[in-house]
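Asks: With the sequence up front, the predicted model follows.
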Amino acid sequence: MLTFDEAIAVIDESIAPADQLEEVPLSECLHRTLARAVIADRPLPPFDRATMDGFAVVASDIQLGVTLPIDRTVSAGDACAVEGKSGMCVSIATGASVPDGFDAVVKHESTRFIETEVEFLIDDVKPGTAIHPMGVDANANDVLIEPNTLLKHHHIGIAAAVGATSLTVRKSIRLCVISSGDELVDGAETPKTHEIRNSNGPMLLALFESMGCVASSKMMADDQGLTKAVLEEACSANDIVVTIGGISAGKKDFVIPALDALSAHHIFKGVAMQPGKPCYVGTCQDAVVIGLPGNPVSALVCATLFGKAVLRKMMGLNATPKFSEVTLLNDVKPNPHRELFRPCVQELTGVTIPEWQGSGDLVHTTNTTGIVRIPKQVDIVASGTTVCYLPWS
Ligand code: AMP
Ligand code: MG
């Protein structure tokens, strides 16, 4: 059975990015993967920009007690025709273009002024003070955002700053979440005592939608023929199919037999981890199938680890989850045979792991912020140990 790291490496090797591109309006680019670089159309800033409200001056004019006449006021957005020179100054606003000839801005707080004149209350103003010089952030034609960047809101801002109204991005991944189990009822129905509501379906739909997928969901009963038909249909209409439940060796676990009947190619079946031992990844028709165990914490943890890795790879991004090292703030009982993954709460000085009643206990994840990774070992992992942490998003 593969270790967790081996399973991630196999995903990285076996799954190729979806390569279709499309041009979409900037307002729809959030969570998409950039396919063509965003390039500066002009220098940034495009002019010498005042960074303070104050007075634009020739720096060498300024000494304690010097008084200069104020030629005019230059506001942000003013096209300023005046030529700056020694012996005069202009009142200037943050974001306004500093007139040629001036080489510093002295902030209001360092002056005393009356209508037409200003007295300077400081000595030794260095050239360049309070000026954000033209082209210092980027030159025209510089690449500002590289291809294969996952677009976040600040990228939208940078693209807007260089006049992009649309961007070329990878096509969104179509993904279907299939919840299986005779015990499940839809959230709108009233469950009988022995039934439960489908919580995993909406949870994982939300997870994958938050990553920019065009996601849909289905429920199916534990029936061999139905499982095959639903999988066949979902694989023909989607890039990724995520099944929940029915993946173990129980009498009513039909996902693997149905995939076999559809001649699926198995990438891996089973990972040496808790929760998530029965996890599956394979390909069927042109879709990648991710089989998750049904217990809600197992489904949540495995979707976060493997589901996101597959999706990121198909989006043209790095598949490997980015764990960081943190300090464990309470003792935890490890699993002697398999690596343990537990929902945890990131605090200022490390992470705490809340008590749980096992992988059926979704409620204990309420205040959690991510997953902590506990190596397989016999002895208790003591508070103060360095462990690896992955935020939910
Ligand atoms: P399975 O992996 O199919 O054996 O499912 C294990 C258990 O997880 C089931 O007995 C249910 O209690 C629970 N479960 C499975 N699917 C769901 C779901 N979609 N929503 C909530 N709980 C589920
Ligand atoms: Mg089941």
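Replies: Alright, I've got the coordinates. Ligands and ions are numbered 1, 2, ... in the order given.

Asks: only C-alpha atoms for contact and neighbour calcs from this point on.
Replies: Will do.

Asks: All the helices of this protein, in order from the start?
Replies: 4-14, 153-161, 200-210, 224-237, 255-261, 296-302, 308-314 (DSSP state H).

Asks: which parts of the second one are buried?
Replies: It stands for helix 153-161. 155-156, 158-159 (16 or more other CA atoms under 10 Å).

Asks: if we can go back for a sec, and the helices of the chain, which is most packed in?
Replies: With neighbours taken as mean count of other CA atoms under 10 Å, those reach their highest mean count in helix 296-302, at a mean of 25.

Asks: burial measure for residue 76, as a count.
Replies: By other CA atoms under 10 Å, the residues close to residue 76 number 15.

Asks: Got phi/psi on it?
Replies: Main-chain torsions, residue 76, degrees, to the nearest 10: phi -60, psi 130.

Asks: is it true that it touches residue 53?
Replies: No: look at residue 76 against residue 53 with CA atoms under 8 Å: they stay out of range, at 10.3 Å.

Asks: Overlap in contacts, the two.
Replies: Counting by CA atoms under 8 Å, 6 or more residues apart in numbering, the contacts common to residue 76 and residue 53 are 93-94.

Asks: Can you name the residues of the protein that neighbour ligand 1?
Replies: Of all the residues in the chain, those in contact range of ligand 1 (CA under 6 Å from any ligand atom) are 179-181, 198-201, 244-247, 293-296.

Asks: rerun that using 5 Å as the cut-off
Replies: With CA under 5 Å from any ligand atom as the criterion, the chain meets ligand 1 at residues 179, 198-200, 245-246, 293-295.

Asks: what's the most distant pair in these?
Replies: 199 and 246 (15.5 Å; CA to CA).

Asks: hang on, the earlier thing: TSV please, covering the helices of the chain and showing mean pLDDT.
Replies: Formatted as TSV, those follow (pLDDT from 0 to 100):
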stretch	mean pLDDT
helix 4-14	98
helix 153-161	98
helix 200-210	98
helix 224-237	98
helix 255-261	98
helix 296-302	98
helix 308-314	98
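
Asks: Out of the ones you listed, the one nearest ligand 2 is which?
Replies: With CA to the ion as the criterion, ligand 2 lies closest to helix 255-261 of these, at 9.7 Å.

Asks: Following the record's annotation, map out the domains of this structure.
Replies: The record's domain split for the chain, according to automatic domain parsing, is 4-19+171-314, 22-44+137-170, 49-132, 324-391.

Asks: on that earlier part again, of residue 199 and residue 246, give the one with the bigger neighbour count.
Replies: Between residue 199 and residue 246, residue 246 has the larger neighbour count (other CA under 10 Å), namely 24 against 15.

Asks: thought that one was touching residue 181?
Replies: Yes: the pair residue 246 / residue 181 is scored as a contact, 7.1 Å apart, by CA under 8 Å.
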